[in-house]
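Engineer: Got a predicted structure plus its sequence, pasted below:
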Amino acid sequence: MTNPSESVIIVVVSRALARLIQLFGIYVIIHGHYSPGGGFQGGALLAAGVLLLRMTEGGRASQSEVSTEAAIPLAAVGALIFAGAGLVTLAFGGHYMDYGAVPVPGVEEPVVRYYGILLVEFGIGLAVMTALVAIFDDMVAPDPYGNAVDAAGDRAGTPPKL
Amino acid sequence: MSLVQDVLAVFLIVSGLLIMLVGSLGILRLPDFFTRSHAASKVDTTGIIFLLAGLAVHEGLTQAMGKLLIAIAFIMVANPVAIHALARAAWNHGERPWANGKSQRKETR
């Protein structure tokens, strides 16, 4: 599963499409206030772009996007952004995720709410994207108990054992 | 909304639905993996392109029409490649086209 595809068609088209899918994912996250979408859907699209590359170019080629080791820590950072943005408003005396309570000098309250929601959407997107990549990497990794390891199933990111 | 626009939109949508009907019959009726995926790819590609083109004509010159055209371009590229990947994987794992009234599947291991 983590080996590159031998077909030039599949590799070239998936390289181009992965970027388009990720661009659309960013659009969905940023535009989530006004239109259908938001952090979860955009994060799933970003993860789809990475996983497309993982499946077609092999597990090693897309390590620079989200590496197998960094996936779980980045998911934790995303969840921290999500929860932390809500807790900051508590510190200023508002309700949980009541962004209007945060006093930013020279900025109107609706604008603060706008950027607060955007920050939370970004955190959700990061958490969902990296968590889905982590789930995929875990599924294609060999069984840690040593049962039924496929010949091509060595863990993404590590060199093949000869 | 002019009459020409309406007629063209209905024509495109009905064409798309007919292609989808034929493709669905093909998935049910054809004998093996390759012929079935051939039928399924017609539904996924041509049928949806016609349907979305009909919706774009119905929409007129708006932002939604632009989004529909982008979706059509994406489907035109993505779907044939996806079916190619499926058929290629099946071939590499020993599936062979149906011939002489029976499966020609190779046992690989």
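Structural biologist: Nice, I can see it. Numbering: from 1, shown residues only, chains lettered A, B, ... in the order given.
Engineer: quick one: is the helix or strand containing B:Val81 near chain A?
Structural biologist: Under the criterion of DSSP states H and E, B:Val81 resides in helix B:63-92. Yes - applying CB under 8 Å from any CB of the partner chain, one finds helix B:63-92 touching chain A at B:Phe74, B:Val77, B:Ala78, B:Val81, B:His84, B:Ala85, B:Arg88. For the C-beta atoms, the positions are set from N, CA and C on the backbone; glycine is no exception.
Engineer: where does the third one land on pLDDT?
Structural biologist: With respect to pLDDT, B:Ala78 has a value of 90.
Engineer: Tell me the residues of chain A that contact chain B?
Structural biologist: A:Ser5, A:Ser7, A:Ile9, A:Ile10, A:Val13, A:Ser14, A:Ala16, A:Leu17, A:Leu20, A:Thr56.
Engineer: Considering the residues you listed, which is situated nearest to A:Leu126?
Structural biologist: Closest approach between these and A:Leu126, by CB to CB: A:Leu20, at 20.1 Å.
Engineer: Give the burial count for the closest one, as a bare number.
Structural biologist: Residues lying near A:Leu20 (other CB atoms under 10 Å in any protein chain shown) number 15.
Engineer: how close does the residue lying closest to it once chain neighbours are set aside get to B:Leu55?
Structural biologist: Closest residue in space to A:Leu20, ignoring its immediate chain neighbours: B:Phe74 at 6.9 Å, by CB to CB, 6 or more residues apart in numbering or on different chains. Plainly put, B:Phe74 is 15 Å away from B:Leu55 if you go by CB to CB, to the nearest Å.
Engineer: Looking at the two, which one has more neighbours?
Structural biologist: Neighbour count, other CB under 10 Å: between B:Phe74 and B:Leu55, B:Leu55 has more, with 18 against 14.
Engineer: thinking the more buried one is in contact with B:Ala71, fair?
Structural biologist: No - using CB atoms under 8 Å, B:Leu55 is not in contact with B:Ala71; the gap is 9.5 Å.
Engineer: show me what contacts residue 6?
Structural biologist: Defaulting to chain A. With CB atoms under 8 Å, 6 or more residues apart in numbering or on different chains as the criterion, no residue contacts A:Glu6.
Engineer: hmm, I had chain B in mind actually
Structural biologist: Contact analysis of B:Asp6 by CB under 8 Å, 6+ apart lists B:His58.
Engineer: can you check A:Val28 too?
Structural biologist: Contacts of A:Val28 were listed using CB under 8 Å, 6+ apart, and they are A:Gly37, A:Gly38, A:Gln41, A:Gly42, A:Leu45.
Engineer: Narrow those residues to those in helices?
Structural biologist: Counting by DSSP state H, the part of the contacts of A:Val28 found in helices is A:Gln41, A:Gly42, A:Leu45.
Engineer: Present those residues as JSON lines; the columns should include distance to B:Ala99, neighbour count and pLDDT.
Structural biologist: Below are the ones in helices among the contacts of A:Val28 laid out as JSON lines (distance: CB to CB, whole Å; neighbours: other CB atoms under 10 Å in any protein chain shown; pLDDT from 0 to 100):
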{"residue": "A:Gln41", "distance to B:Ala99": "45", "neighbour count": "17", "pLDDT": "92"}
{"residue": "A:Gly42", "distance to B:Ala99": "47", "neighbour count": "27", "pLDDT": "93"}
{"residue": "A:Leu45", "distance to B:Ala99": "42", "neighbour count": "22", "pLDDT": "94"}
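Engineer: before we move on, back to that, for the residues of helix B:63-92 next to chain A, which one is nearest B:Gly101?
Structural biologist: Nearest to B:Gly101 among these, with distances taken as CB to CB, is B:Arg88, at 25.4 Å.
Engineer: how close does the residue lying closest to A:Val77 once chain neighbours are set aside sit to A:Ile29?
Structural biologist: In this structure, A:Val77 finds its nearest non-sequential neighbour in A:Leu126, 6.6 Å apart by CB to CB, 6+ apart. Distance, A:Leu126 to A:Ile29, by CB to CB: 9 Å.
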